[in-house]
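[1] I would like to see how this sequence folds:
(2 chains)
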Amino acid sequence: MRCGDFRVSYASDERIFETRLPPVALAALLALLALVPLVAGTYWLDVLNRIGIAIIGAIGLNILVGFTGQISIGHAAFLSVGAYSTAILEVKAGVPFWLAIPLAAGLTSGFGLLFGVPSLRLKGLYLAIATLAAHFITAYVIIHWERMTNGVLGFNVPPATVFGFPLDSDARIFYLIFALVVPAVFFAKNLFRTKVGRAFIAVRDRDVAAAVIGVSLYRYKLLAFVISSFYAGVAGGLMAHHSRIVFPDAFSLLVAIDYLAMIIIGGMGSILGSIYGAAFMTLLPEVLKLGATSLTGVYPNAFGLIASARDIVFGLAIIFFLMYEPQGLARIWMRFRSFWKLWPYAY
Amino acid sequence: MAAACLSVDDLCVNFGGLRAVDHVSFAIESGRIHGLIGPNGAGKTTIFNCVTGFYRPTSGRVRFLEHDITGFRPDQVAKLGIARTFQNVQLFASLSVLDNVLVAKHGHMRTGVLAEGLGLPFVRKQEHAVRDTAFGLLDFLGLADLHRKPAASLPLGHQKRLELARALALEPKLLLLDEPASGLNTSETQALGEMLGRVRERFALTVLLVEHDMGLVMNVTDVITVLNFGRKIAEGTPKDVQNDPEVIKAYLGETAGAGRG
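    Take a look at the predicted model:
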């Protein structure tokens, strides 16, 4: 029986997974994931697709905010740059989608680099306000650059095609999304096992000490913005393909707040936490909706009430996690797991 | 005379109307342990901050080996081979003891974001190599058993040792220690003195030491520079400095100095 924590090699210390089981479980999960579109209805496929996109976006935000400590409420702006560049590249320039998404992500990285510059001078709340400015500048440009963006109305995006095979159903787009979610998770996990990830955390924990042992604050703060907005660019590109339309309201300030809520609830500075948070924040409104539907028989007004209940529940969830579980769902899961690992010999 | 490792020439630092450092010059020979002492507010930490790039001096130069490092950023100074510890310990609280040391190995890894994210084999190899050296250092300073603990959970004495381990991980040529004995009791301070000797022997370091614990300073240093109100008032071997009337006056006050002198 495992009764303690023994590590006899670096490899075991650096492993992505803490125990032997997960690689097997992971393979099973991936296989299961591949089978999902065969069994799930369009409704749940749509929910899963949105979770997948949110996972990529949330990991991006977590790298910047959770790991590097650079607070940003400009994430919706980064997503919108990714979505609009993908859409414009495909619709106006005729670039195929498999090229458009990486190009758009690269473009979003450049955009992140630009709006990361204030972080070299500003910290905390002041930086948050600077990123808020980035949000409004982007929103303004999108609404007013009508020739490119078609203003407030937005425009339709044709389905992506792979070898002449259109990804026009929820099931097909599902494979595209999760083919990107899996490498996105592993890339981030790897990053935090070695030099760059450690430097990010060092900048967050104590920037003065990081500088004094040779970590360039300029380089790493900007790098965090670049990587974070690359993830946001990919997530945005997928959003454009998932909803097949881009319009400004899809990237309101509330979206940025939702993403912050994801990483707070899921766990700041945790890749797995970003996944839990993305799932939680996407599922909660669906659960509320289901509750409301079952209530309409008894109480016809339930649907109207749910609309406001969503915001209240989100607000309460954020407050609850900040007060009682600042490390989020990731921490709850770890406690749960270590309990069962030792059960029934808890002491 | 051996070559100067660090030389500070005619350094002035103004904070608004206050002159914190006033035309101070001194040079540290390679391989020495050089003490920098003076009453509170004498400008010791300010000089540290100028050397390590946190402050830009108002005038004067700082030279390190063959480089003029005046106005360099902290990370540039670190890359040239100057490491420091802080008066109040500055660790990465959420990282483990081992990871704290590994952050300092940052400059010794030649890996990029892409290679790391993809987990390429050469990244693993470099990672294992730096882990080996980091473990060696922790072992040397008696912290190896604690390597998995979060840095914030260590008692102060261990935190100070960890900060020293992190500084040494840079493989510096010059080590600046800002009050390493503050908050330590007598026996801990004595152990620290012995450790400094061992560190210098093993790593062939030059050390600049700011310290209030006179017992430690007199024991371990080769040369001492004394500051008072931003000015250099004396320099010499511990014995010379102890008997210098200016120094006695600065530490004990006018009348006591006169009474003794």
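[2] around chain A, which positions in the stretch 1-150 of chain B sit nearby?
    By the criterion of CB under 8 Å from any CB of the partner chain, the positions of the stretch 1-150 of chain B lying close to chain A are B:52-54, B:73-75, B:78-79, B:83-84, B:86, B:90-95, B:99, B:102-107, B:109, B:111, B:113, B:116-119, B:123-124, B:127-128, B:131, B:148. For the C-beta atoms, the positions are set from N, CA and C on the backbone; glycine is no exception.
[3] which of these are buried, as a PyMOL select command?
    PyMOL command restricting the residues of the stretch 1-150 of chain B next to chain A to the buried ones, with burial defined by 16 or more other CB atoms under 10 Å in any protein chain shown:
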select buried, chain B and resi 52+53+54+73+74+75+78+79+83+84+86+90+91+92+94+95+99+102+103+104+105+106+107+109+111+113+116+117+119+123+124+127+131
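[4] restricted to helices, list the residues of the stretch 1-150 of chain B next to chain A.
    Of the positions in the residues of the stretch 1-150 of chain B next to chain A, B:74-75, B:78-79, B:99, B:102-104, B:113, B:116-118, B:123-124, B:127-128, B:131 sit in helices, assigned by DSSP state H.
[5] where does residue 147 land on pLDDT?
    With no chain named, the answer covers chain A. The predicted local distance difference test score for A:Arg147 is 90.
[6] that's the wrong chain, I wanted chain B
    The confidence metric pLDDT takes the value 91 at B:His147.
[7] same question for the one 5 residues further on.
    The predicted local distance difference test score for B:Ala152 is 92.
[8] for the residue nearest to it when sequence neighbours are not counted, give its distance to A:Gly269.
    The shortest distance from B:Ala152 to any residue that is not its chain neighbour, by CB to CB, 6 or more residues apart in numbering or on different chains, is 3.9 Å, and that residue is B:Ala93. Using CB to CB, to the nearest Å, B:Ala93 is found at 12 Å from A:Gly269.
[9] swap in A:His241?
    With distances defined as CB to CB, the gap from A:His241 to A:Gly269 amounts to 30 Å.
[10] repeat that for A:Lys289.
    Separation of A:Lys289 from A:Gly269 (CB to CB) stands at 31 Å.
[11] can you confirm A:Ala93 is in a helix?
    No - counting by DSSP: H, G, I helix; E, B strand; the rest coil, A:Ala93 falls outside a helix, being coil.
[12] wait, the residue nearest to B:Ala152 touches A:Asp205, no?
    Yes - because the distance of 5.5 Å satisfies CB atoms under 8 Å, B:Ala93 is recorded as touching A:Asp205.
[13] anything in contact with each of the two?
    Listed contacts common to B:Ala93 and A:Asp205 are nil; contacts here mean CB atoms under 8 Å, 6 or more residues apart in numbering or on different chains.
[14] can you pull the residues of the stretch 151-261 of chain B lying near chain A?
    Counting by CB under 8 Å from any CB, the stretch 151-261 of chain B sits next to chain A at B:Arg166, B:Ala167, B:Ala169, B:Leu170.
[15] can you rerun that using 6 Å?
    With the criterion set to CB under 6 Å from any CB of the partner chain, the stretch 151-261 of chain B comes near chain A through B:Leu170.
[16] touching stretch B:97-104 from outside, list them.
    Defining contact as CB atoms under 6 Å, 6 or more residues apart in numbering or on different chains, one finds that stretch B:97-104 is touched by A:198, A:202, A:213, B:91-92, B:134, B:143, B:146-147, B:149, B:151, B:162, B:165-166, B:169-170.
[17] and the two most separated of these?
    The largest distance within the contacts of stretch B:97-104, taken as CB to CB, falls between B:Lys149 and B:Leu170 and amounts to 22.0 Å.
[18] the two: which is more packed in?
    Here B:Lys149 and B:Leu170 are compared on neighbour count by other CB atoms under 10 Å in any protein chain shown; more neighbours surround B:Leu170, at 23 against 15.
[19] show me what contacts the more buried one?
    If you count contacts by CB under 6 Å, 6+ apart, B:Leu170 has them with A:Ile213, B:Ala83, B:Ala104.
[20] just give me the closest of those residues to A:Ile264.
    Proximity to A:Ile264 was ranked across those by CB to CB; first place goes to A:Ile213, at 29.8 Å.
[21] re the thing from before, more crowded one of A:Lys289 and A:Gly269?
    Neighbours per residue (other CB under 10 Å) separate A:Lys289 from A:Gly269, with A:Gly269 holding more: 23 against 15.
[22] confirm that that one sits in a strand.
    No - counting by three-state DSSP, one finds A:Gly269 to be coil, located in no strand.
[23] picking that back up, buried members of the contacts of stretch B:97-104 into ChimeraX, please.
    One line in ChimeraX is enough to select the buried members of the contacts of stretch B:97-104, burial here meaning 16+ other CB under 10 Å:
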select /A:198,202,213 /B:91,92,134,143,146,147,151,162,165,166,169,170
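[24] out of the contacts of stretch B:97-104, which sit inside helices?
    A:Arg198, A:Ala202, B:Ala134, B:Leu162, B:Ala165, B:Arg166, B:Ala169.
[25] wait, doesn't A:Gly236 sit right on A:Tyr84?
    No - A:Gly236 is beyond contact range of A:Tyr84, at 7.6 Å (criterion: CB atoms under 6 Å).
[26] okay, those two: which has more neighbours?
    Neighbours around A:Gly236 and A:Tyr84, counted as other CB under 10 Å, are more numerous at A:Gly236. The numbers are 34 against 28.
[27] make sure that one is indeed in a helix.
    Yes - if the criterion is three-state DSSP, then A:Gly236 is within a helix.
[28] in space, what's closest to it - neighbours in sequence excluded?
    Excluding the flanking residues, the one nearest A:Gly236 by CB to CB, 6+ apart is A:Gly82, at 2.4 Å.
[29] what lies in contact with the host helix or strand of the one you found?
    Here A:Gly82 is covered by helix A:75-91, with elements defined by DSSP states H and E. For helix A:75-91, contacts defined as CB under 6 Å, 6+ apart pick out A:61, A:95, A:97, A:100-101, A:103-104, A:107-108, A:111-112, A:134-135, A:138, A:148, A:157, A:229, A:232-233, A:235-237, A:239-240, A:246, A:251, A:255-256, A:259.
[30] could you list the low-confidence segments of the chain?
    If you meant another chain, say so; for now it's chain A. Per-residue confidence of chain A (counting by pLDDT under 70) places the weak regions at A:1-22, A:302, A:307, A:344-347.
[31] you answered for a different chain; I wanted chain B.
    The model of chain B has pLDDT under 70 over residues B:1-2, B:254-261.
[32] just want the most central residue of it.
    Centroid-nearest residue in chain B: B:Leu176, 1.6 Å away (criterion: CA atoms, centre = their mean).
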